[in-house]
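Colleague: Just the structure for this:
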Amino acid sequence: MTASLHALCLACGVTLSSAAQIALATDSISKSLEAKVAKRGQISGAANICGLDWKGRNFLPMMSDLRASGLDERQTAIVAALHGAAMRQSELSTRECDESRRLRIEREIDYRR
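Modeller: Numbers count the residues shown, from 1 in each chain. Next up is the predicted model:
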């Protein structure tokens, strides 16, 4: 995990739990997982602005899959914090939802392994 991720979390108003702070200090998730979770967070933010069920269609299935794959408590804490920070950043930059954005997000929102 990078210091830039911590800065992103703070800039977006995401308060990191103790477990997430420890995870940041120990590089507990891979860069590829970090990128995947950030992308899913961006989708969740846009979905939220568009009134779509980001939690049931994206976040909860992703977290369930990652727990089943063996992530521990520290790793899931950092995944949740990263998702939240990316989601908030997306919400701040999206602000509104037109029909073309809604259709694009509708195609991307469902989490797939």
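Colleague: where does the residue nearest to the spatial centre of the chain fall, helix, sheet strand or coil?
Modeller: With distances taken as CA atoms, centre = their mean, the residue of the chain nearest its centroid is residue 83 (1.6 Å). Under DSSP: H, G, I helix; E, B strand; the rest coil, residue 83 falls in the helix class.
Colleague: which ones are touching it?
Modeller: Going by CB atoms under 8 Å, 6 or more residues apart in numbering, residue 83 touches 37-38, 40-41, 44, 59, 62. C-beta here means a position set from N, CA and C on the backbone, and glycine is covered the same way.
Colleague: what's the residue of the chain positioned farthest from its centre sitting at in phi/psi?
Modeller: In the chain, the residue that sits farthest from the middle, by CA atoms, centre = their mean, is residue 99; the gap is 23.4 Å. Main-chain torsions, residue 99, degrees, to the nearest 10: phi -60, psi -40.
Colleague: And the helices in the chain, which stretches?
Modeller: Under the criterion DSSP state H, the chain contains helices at 3-11, 18-26, 31-49, 54, 60-68, 73-94, 99-108.
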